[in-house]
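Trainee: Below are the sequence and a predicted model; questions follow.
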Amino acid sequence: MSVAGSGTNRGDWEPTDEKQDRQLIELLNELRLALPGVQMLLGFMLVAPFSPRFSSLTDNQRGLFYAGFIAAALATACFITPASFHRIIWEHGMKGRMLHIASGIAIAGTVLLAVAISCVVAVLTSFLYSSVAAIAATSTVGAVIAILWFGIPLVLREQHHHR
């Protein structure tokens, strides 16, 4: 059995199979946190067009809403994919490859979720206030998401890589 660094604070080594099992559990736990949020957003977006006030949206607002809806649907697909992927290739000796691919798909899901949230913020703020307010609110929310979800982790990863 090959041995690989665990990347944990323990500083010990763990067999590759154990490391991959741990990484799979971590990935699935992360997705269990993200999936309900994106599904709830998608659910609300599914019913919004049937609201009487939806018809008062401008074409631009409808376009943003639809872009957000598609992004939320695709994010949901991305967050569910690793479980389906695992079930299909389970016990075929492909766990390492599956983890690498599933991790990339999960990151794509977070990007799509960020797009969906930003679109919803833009539509709602422009509907309630103005286009200028929508630009400010969407820029702020988008920047916070970009920093928290991507910026800080990427900076930390880069700093760790240069140690």
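Mentor: Okay, I see it. Numbers count the residues shown, from 1 in each chain.
Trainee: Low-confidence ranges, this protein, go.
Mentor: Applying pLDDT under 70 to the chain picks out residues 1-12.
Trainee: Strands along that one, start to end?
Mentor: Here the chain has its strands, by DSSP state E, at 3-5, 13-15.
Trainee: Next, count neighbours for residue 44.
Mentor: Using other CB atoms under 10 Å as the criterion, residue 44 is surrounded by 11 other residues. For glycine as for every other residue, the C-beta is placed from the backbone atoms N, C-alpha and C.
Trainee: Now do the contacts for it.
Mentor: Neighbouring residues of residue 44 by CB atoms under 8 Å, 6 or more residues apart in numbering: there are none.
Trainee: same thing but at 10 Å, please
Mentor: By CB atoms under 10 Å, 6 or more residues apart in numbering, residue 44 lies in contact with 72, 120.
Trainee: Could you tell me how far the most centrally placed residue in the chain is located from residue 24?
Mentor: The C-alpha lying nearest the average C-alpha coordinate of the chain belongs to residue 110 (CA atoms, centre = their mean; 1.7 Å). If you measure residue 110 against residue 24 using CB to CB, to the nearest Å, the figure is 18 Å.
Trainee: Would you confirm that residue 54 contacts residue 48?
Mentor: Yes: between residue 54 and residue 48 there is a contact under CB atoms under 10 Å: 5.8 Å.
Trainee: quick one on the thing from earlier: what separation do you get for the residue nearest to the centre of the chain and residue 18?
Mentor: As for residue 110, its distance to residue 18 is 27 Å (criterion: CB to CB).
Trainee: now residue 114
Mentor: 33 Å.
Trainee: quick one: which of these two has more around it?
Mentor: More crowded of residue 114 and residue 18, by other CB under 10 Å: residue 114, with 20 against 14.
Trainee: can you pull the contacts of the more buried one?
Mentor: When the contact criterion is CB under 10 Å, 6+ apart, the partners of residue 114 are 71, 75, 141-142, 144-146, 148-150.
Trainee: Go again with 7 Å.
Mentor: Residue 114 makes contact with 145, 149 under the criterion CB atoms under 7 Å, 6 or more residues apart in numbering.
Trainee: from here on, count from 56
Mentor: Okay, using 56 as the starting number, the last item reads as residue 169.
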